[in-house]
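>>> only geometry, no sequence info:
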């Protein structure tokens, strides 16, 4: 992994994923990334699961939200991409992303090396700009059968969306409110998903169970890291 492993750091209080207790594979290999324990690998079938219907916990990525009438102008002053349309997103040079959720709310999430959200969290917002603490469950859903999983859990036809417009969809999945960023990696569906962490275990177990029926299942961060850094990643962002 390209991020620093902080497992041995002294006097550091680890953050906890909303689904930490739902990870219990016997073959799991754990690591500490961004001050949070994550599953590096679930087992020998990670690659096969990712090709079919993989689900991965990426809650360790730092993120921050802002809302208010002055937020668009303030974020532009911080050097972030302008998003002229609601419910769209843009990649950040650091590998993270910025998403416009509706008219006046934004989500900024770091990549493996960037710290855009952390920097913004320590800056004084302008007038009519209000920070939003984000402690989401953050997932990756990937693989050839992921669209079938979405059809079983959500009433949005993601296949009909134009990925070139970089859409952001606010909907519900298995009865839980979610924010979904649909995309593609290596010629296969690749979705980012955020949900209220208090529903994390239920949502994870529901989606992981359906993924298993489709020939997939949980995958570790190592496989997601490989997919993200593949050459086609930049073309599809």
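Thanks, I have the structure now. Computed from a prediction, not measured in an experiment: that's the story for all the values here. Residues are numbered from 1 along each chain as shown.
>>> those strands in this structure, which residues are they?
In order along the chain, the chain carries the following strands (DSSP state E): 29-33, 36-41, 54-57, 63-67, 88-91, 97-101, 105-109, 130-132, 137-142, 169-173, 176-185, 188-195, 217-218.
>>> Point out the most buried one among those.
strand 54-57 (a mean of 27; mean count of other C-beta atoms under 10 Å). Heads up, the C-betas are built off the backbone N, CA and C, glycines and all.
>>> which residues are in contact with it?
Residues outside strand 54-57 that contact it (C-beta atoms under 8 Å, 6 or more residues apart in numbering): 17, 19, 23, 38-39, 46, 50, 137-143, 146, 204, 207-208, 211, 216-221, 223-224.
>>> Mind listing the strands it pairs with, and their directions?
Here strand 54-57 has these sheet partners by DSSP bridges: strand 137-142 (antiparallel), strand 217-218 (parallel).
>>> want to throw these into TSV with mean pLDDT and distance to residue 131?
Converted to TSV, those look like this (pLDDT from 0 to 100; distance: least, C-beta to C-beta, whole Å):
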stretch	mean pLDDT	distance to residue 131
strand 137-142	98	18
strand 217-218	96	32
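>>> May I see those organised as TSV, with distance to residue 191 added?
As requested, those are arranged in TSV below (distance: least, C-beta to C-beta, whole Å):
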stretch	distance to residue 191
strand 137-142	4
strand 217-218	15
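>>> any low-confidence regions in this protein?
Applying pLDDT under 70 to the chain flags residues 1-12, 25, 112-115, 118, 121-122, 231-237.
>>> Domain-wise, how is it divided?
Here the domain parsing of the chain from automatic domain parsing is 20-59+136-236, 63-132.
>>> Contacts for stretch 98-108, please.
Outside stretch 98-108, the residues within contact range by C-beta under 8 Å, 6+ apart are 63-69, 71-72, 75, 80-81, 83, 85-90, 92, 96-97, 109, 116-117, 120, 132, 134, 168, 170, 179, 181, 194.
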